[in-house]
Structures are given as structure tokens and as C-alpha cells.
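**Q** structure for this input, please:
(one chain, ligands or ions: 1)
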Amino acid sequence: MNHEPFFTVTGLTAGYGGPDILRGVEFSSAPGLITGILGANGSGKTTLLKAVCGLLPHGGQSLLEGCDLGTLPPRQLARRCAYIPQRSGIGIDISVLDVVLMGYNPHLGLLERPTAQMKETARRALALTGLAGREEENYQTLSEGQKQLCILARTLVSGAQLLLLDEPESALDFQLRYRMLHLLRRWVHQERRAVLAALHDPMLALSCCDRLLILEGGKTLAVLSPACDPLPDLETALSAIYGPVSLTACPGRDGRRHLVMLSEEREEDEPWNL
Ligand SMILES: Nc1ncnc2c1ncn2[C@@H]1O[C@H](COP(=O)(O)OP(=O)(O)OP(=O)(O)O)[C@@H](O)[C@H]1O
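**A** Residues are numbered from 1 along each chain as shown. The predicted structure is shown next:
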């Protein structure tokens with residue numbers, strides 16, 4: 001796999017008016033890789049995604065194919081970089097197909113309508129995410145998990161080179177969260193894009209991400225490859241954010257190394273006596 005820098009973050013700092021929450025985050029990604037951001041609650045995962053796509057004032061740089069994202073006007077930024085927040089924020093009655101077609105907005109002029117080909121691609125994206133036949137339904141009537149799949153379809157058609165996803169799996173059941181990440185992984189490898197996804201499920205991240213960015217207190221603690229880095233290195237980094245854990249490697253049917261993570265009980269933990 002090609003490992004030339006495609007997306008590089010250097011010295012990223014950001015906050016909300018008080019002390020900096022992100023304190024010099026650094027990492028880089030080659031094209032065709034999915035990077036999972038893991039960190040405890042409040043470690044800065046969402047803040048990182050918002051700073052990269054310019055929603056928060058920040059210091060440092062995010063370079064995508066050598067272009068400083070911080071210098072791009074909003075429309076050009078939206079063409080290159082798609083940010084999917086934890087909640088879609090869509091509160092109006094709108095069809096499922098029209099939500100997916102919103103992915104084309106940065107490419108359309110004022111009052112320009114999506115083409116027949118765009119509609120066809122949007123239908124295919126919905127079929128890929130398991131929502132075939134739901135195109136004309138009201139988006140508001142979908143379950144939270146189905147809404148996440150619909151937003152994923154919108155992201156896939158957007159043509160952005162960099163996808164920033166904030167807990168894209170949070171409302172999905174066990175099967176769907178793996179299907180979603182496998183789909184994203186295949187798509188990213190094939191299309192040579194980059195995905196940065198904040199995830200709360202470390203097993204999912206270990207199984208589906210090419211790389212893991214471990215955040216602790218707004219800083220990069222480690223950048224690791226679940227497929228090839230030594231287990232003790234992975235255990236040390238994961239234990240720093242989740243408490244004591246142990247990892248076991250299992251051979252998958254696909255021939256890749258799969259990791260199973262166990263949370264080890266802390267001996268020093270007091271029983272809960274309220
Ligand atoms: N709008 C805001 N104003 C002030 N502080 C904020 C704001 N949003 C987040 N923070 C603070 O920034 C820190 C990092 O929050 P952030 O949402 O980036 O963490 P996270 O890793 O995504 O957490 P979680 O896993 O709980 O979603 C937290 O201490 C939080 O209180």
C-alpha cells in the first residue's frame with residue numbers, strides 16, 4: 001500500500017474560548033486509509049474533527065494533498081472535506097433521496113438541480129447502505145440507525161477526498177456497525193480517499209481501521225496499526241485510555257489478524273458502597 005502523506009495534521013490546537021482543548025495534535029495518513037480516533041469521553045475527538053474542517057478557530061495546519069484546509073473558502077472546503085456530526089441536525093420533512101442528494105450541494109450552482117445521473121448514483125448509494133426502496137420516504141420516519149446509514153450514503157456521493165465522521169456507528173446494531181465500517185473501508189481503499197472517524201467501540205476500531213489515533217487529554221498519545229503493530233504496544237496505548245485491557249490475536253477467515261480486547265478488572269477498585 002502507498003504510504004505517501006495525503007492528509008497531514010501538524011501542531012493542531014483548538015478550544016472554545018478558554019484553555020486549549022487540543023494541544024498540538026499530530027498525525028498523517030496515506031490515501032486509501034481509514035483512521036479511527038479513540039479516546040476517553042472529553043479527550044477531544046469531536047473538537048479535533050471540528051478543527052480540521054474549520055468549524056472551530058484553530059492553530060496549526062491540516063494539509064490535504066498539500067493544500068492547507070484552513071485557507072480554503074467554505075465552498076471549496078466542502079468539496080474536499082465532508083464532516084458528519086454526531087446528529088445530522090436535519091429537522092425538516094424531506095425525502096430520504098433528497099437527503100442523499102444534499103451531498104452534491106457543494107458541486108451545484110445556485111438553483112441548479114441534481115442531474116439524472118446524480119439521482120441514479122444516490123439511489124445506488126442508498127442500496128449499498130441497505131436502504132433500497134426507502135428513497136421516497138420521509139427522512140424523519142427512519143430509525144436513528146437508518147438515519148445514520150442515509151447520512152453515510154450522502155457522504156459517499158459527496159466526492160470529498162477526506163471524510164470526517166463523528167461516531168458514525170453510535171445508533172447501529174452489532175451487524176450494521178461492522179457492515180458500515182467494512183463498506184467504508186472497501187470504498188476508501190478503492191477510491192483512495194481518507195477517513196477520520198471518532199469511534200467509541202474499540203473492538204470495531206481494531207477490526208476495521210487501518211490506523212488508530214489515540215487521543216489523551218487533547219494530545220496524540222500514539223498512532224498505531226492494529227494489523228501489524230506489536231500487541232504490547234497496542235495494549236499499552238489502549239490501557240492508557242480504557243484502563244487495564246488485554247488483547248488476543250485471532251486469525252480471521254479473511255487471513256487478517258483480528259484482535260479481541262478484554263477489560264481486566266482493577267484490583268485496586270473499591271466495591272461501590274453508597
Ligand atoms: N461548545 C463547547 N464549549 C466549551 N467546551 C466544550 C464545548 N464542546 C466541548 N467542550 C469541551 O471540550 C472537551 C473535549 O470535548 P469533545 O466533545 O471534543 O470530546 P470527545 O472526545 O468527543 O468526547 P465524547 O467521547 O464524550 O463525545 C471537553 O472537556 C468538553 O467539555
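**Q** CA only for contacts and neighbour counts going forward, please
**A** Fine.
**Q** pLDDT weak spots in the chain?
**A** 1-4, 268-269 (pLDDT under 70).
**Q** max-length helix in it?
**A** helix 174-191 (DSSP state H).
**Q** what parts of the stretch 1-150 of the chain come near the ligand?
**A** 16, 21, 39-47 (Cα under 6 Å from any ligand atom).
**Q** mind doing that once more with 8 Å?
**A** Within the stretch 1-150 of the chain, the residues that sit near the ligand (Cα under 8 Å from any ligand atom) are 15-18, 21, 39-48.
**Q** is the ligand within reach of the helix or strand hosting I241?
**A** Using DSSP states H and E, I241 falls within helix 231-242. No - using Cα under 8 Å from any ligand atom, helix 231-242 stays clear of the ligand, coming no nearer than 11.0 Å.
**Q** pull out the buried residues from that helix.
**A** 234-235, 237-238, 240-241 (16 or more other Cα atoms under 10 Å).
**Q** if we can go back for a sec, now do the longest helix of the chain: which elements does it pack against?
**A** strand 33-38, helix 202-208 (3 or more Cα pairs under 8 Å, 6 or more residues apart in numbering; DSSP states H and E).
**Q** give the helix, strand or coil label for the spatially most central residue of the chain.
**A** Central residue of the chain (Cα atoms, centre = their mean): A197, 1.7 Å from the mean position. Under the three-state scheme (DSSP: H, G, I helix; E, B strand; the rest coil), A197 adopts strand.
**Q** quick revisit: buried deepest among the helices and strands packed on helix 174-191, which one?
**A** strand 33-38 (a mean of 27; mean count of other Cα atoms under 10 Å).
**Q** follow-up on the earlier one: now, which of the buried residues of helix 231-242 sits nearest the ligand?
**A** I241 (11.0 Å; Cα to the nearest ligand atom).
**Q** checking the closest residue to T129 other than its chain neighbours next. Helix, strand or coil?
**A** Ranked by Cα to Cα, 6 or more residues apart in numbering and with sequence neighbours excluded, the top spatial neighbour of T129 is L149, at 5.9 Å. Here L149 is recorded as helix under three-state DSSP.
**Q** which among the residues of the stretch 1-150 of the chain next to the ligand end up buried?
**A** 15, 21, 39, 43-48.
**Q** domain parsing for this protein?
**A** The chain breaks down by automatic domain parsing into domains covering 1-65+161-242, 90-156.
**Q** reformat those as a markdown table; add distance to T71.
**A** Converted to a markdown table, these look like this (distance: least, Cα to Cα, whole Å):
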| stretch | distance to T71 |
| --- | --- |
| domain 1-65+161-242 | 9 |
| domain 90-156 | 17 |
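**Q** most neighbours per residue, which of those?
**A** When those are compared using mean count of other Cα under 10 Å, domain 1-65+161-242 is most buried, at a mean of 19.
**Q** what's the helix or strand for G42?
**A** Counting by DSSP H and E, G42 is part of no helix or strand.
**Q** list phi and psi for the residue lying closest to it once chain neighbours are set aside.
**A** Once flanking residues are discounted, G42 sits nearest to G217: 7.7 Å by Cα to Cα, 6+ apart. Backbone torsions for G217, taken as degrees, to the nearest 10, come to phi 50, psi 40.
**Q** residue contacts, G217?
**A** 21-22, 42-44 (Cα atoms under 8 Å, 6 or more residues apart in numbering).
**Q** what's the answer for R211, then?
**A** 33-36, 223-226 are the contacts of R211 under Cα under 8 Å, 6+ apart.
**Q** could I get those as a markdown table with distance to S170?
**A** What follows is the contacts of R211, written out as a markdown table (distance: Cα to Cα, whole Å):
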| residue | distance to S170 |
| --- | --- |
| L33 | 21 |
| I34 | 17 |
| T35 | 17 |
| G36 | 14 |
| V223 | 23 |
| L224 | 23 |
| S225 | 23 |
| P226 | 21 |
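**Q** among these, which one sits closest to the ligand?
**A** Once Cα to the nearest ligand atom is applied, the member of these that ends up nearest the ligand is G36, at 12.3 Å.
**Q** the helices and strands packed on helix 174-191: which one's closest to L111?
**A** Of all these, strand 33-38 sits nearest to L111, with 34.7 Å by Cα to Cα.
**Q** ok, the one residue in the stretch 101-250 of the chain that gets nearest to the ligand - contacts?
**A** At 6.9 Å from the ligand, H200 is the closest residue in the stretch 101-250 of the chain, using Cα to the nearest ligand atom. Applying Cα under 8 Å, 6+ apart, one finds that H200 lies in contact with 38-39, 167, 170.
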